[in-house]
Every structure is written in structure tokens, then in C-alpha cells.
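A.B. asks: coords please:
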Amino acid sequence: MTPGIVVADTSVLINFLRIDRMDLIGTHPESFIATDHVAGEITDPDQQARYAAALSAGFIAEQRVDNPVELDIFLRLRRGERLGAGECSAIAVALNRSYRLAIQDNRAIKRALQEAGITGNPLRIARTQDIIVELIRSGDLTIATADAMLVDWANNHRFRLKTSSFRELL
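C.D. replies: Prediction:
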């Protein structure tokens, strides 16, 4: 596996874009990339501006999906499934390049793991909360700040975790 690179799905990126904390993606110990399909799913103008700023700052890089193997996986995932283009492209890139996949949707995670079994490629999954825990462990984020983000997500952005504090996940 290639260490140190995470392919982010739209759902995870939007969680950070909503609270204007893409800087955390930039300080994470691993490098983050998003596919062109993922970028295309960011439709809110404020989030688009924050994403563009994160690209300019080097917090995340954008990759075009044009590798034949990735396109084959992408098309296989799109058939009969109700997965979005961003999910399919992120899964395809993660599988083909042996990168870690940052994704939130349970149905997409299940399908990604099935595809990993078909292709014979291992797949490591990270959810938003895993990224936050890793940032806390690396010293780039305090529990208090992470818990404030947890409250902001729950109160203002319809993203809830089954924990009242990140301390419980450490």
C-alpha cells in the first residue's frame, strides 16, 4: 500500500467545508486528494470558494480520473448502484492506487469493501471522526476544539456523531 495519501469523498470534505476548517485537512499527517468528480459535487457557492482556497493553499490536491483501470472500476460501481459519481470515483482511485478512502456514507462504504474483495485490493476506510481523532493524536487539534466542532456540526449542519465528546473515541 502507498502510505500517506487519502482520497476524500464529497461527504467528508463537506463536513470540513461547512465549518470552514479545511486547514485541518492541510495539517493532517497524510496528504489528501479529491477527484474531479468529487469537486463537481460541491455545489454550495461558499463551499466552492472554501474548496478553491484549500486547493490554492495546498491543503488538498485535485486529481482527474482518467486511468483505464479506475474508469473500469468507476463504471462498474455506477451500474445498478445508487452511488454518486464522487463516491464511485473516490473508491476507484483509492482501490487502484492503494490509497486510504475518506468516506461517510454506510451504503457506499459497504459497496467499496465489496469492490475491494472483487479486485483483491485492500481498502482502508476513514470517516470524518477518524480524521478528527488522528488530528487530536498528532497534536494538531485539541479535544475542546474538536468537541466544539462536534456541537457546530450537530446544531448547524445536520451531521451528528454517536458521541458527546471525542475524548470517548481516543
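A.B. asks: next helix or strand past the helix or strand R107 falls within?
C.D. replies: Counting by DSSP states H and E, the element that carries R107 is helix 106-119. The helix or strand immediately downstream of helix 106-119 is strand 125-126, counting by DSSP H and E.
A.B. asks: what average pLDDT does the helix holding R107 get?
C.D. replies: The average pLDDT for helix 106-119 rounds to 87.
A.B. asks: same question, stretch 21-37
C.D. replies: When pLDDT is averaged along stretch 21-37, the result is 96.
A.B. asks: start and end of that stretch, how far apart?
C.D. replies: 21 Å (C-alpha to C-alpha, to the nearest Å).
A.B. asks: which parts of it are buried?
C.D. replies: Of the residues in stretch 21-37, R21, M22, L24, I25, H28, F32, I33, A34, T35, H37 count as buried by neighbour count, 16 or more other C-beta atoms under 10 Å. To be clear about C-beta, it is placed using only N, CA and C from the backbone, and glycine gets the same treatment.
A.B. asks: ok, the fifth one - contacts?
C.D. replies: If I follow you right, that is H28. V6, I131, E134, L135, S138, D140 (C-beta atoms under 8 Å, 6 or more residues apart in numbering).
A.B. asks: which of those fall within helices?
C.D. replies: In helices, judged by DSSP state H, the following of these are found: I131, E134, L135.
A.B. asks: A126 pairs with what?
C.D. replies: Residues found in beta-bridge contact with A126 (criterion: DSSP bridges) are A102.
A.B. asks: run a quick neighbour tally on it.
C.D. replies: 20 (other C-beta atoms under 10 Å).
A.B. asks: okay, it: pLDDT?
C.D. replies: According to the per-residue confidence, A126 scores 96 in pLDDT.
A.B. asks: cool, and the one 3 residues further on?
C.D. replies: What the model reports for Q129 is a pLDDT of 96.
A.B. asks: element containing it?
C.D. replies: helix 128-137.
A.B. asks: cool, L95 as well?
C.D. replies: With elements taken from DSSP H and E, the one containing L95 is helix 85-97.
A.B. asks: okay, the angle between that helix and helix 106-119?
C.D. replies: Comparing the axes of helix 85-97 and helix 106-119 via axes from the mean of the first three to the mean of the last three C-alpha atoms, to 10 degrees yields an angle of 30 degrees.
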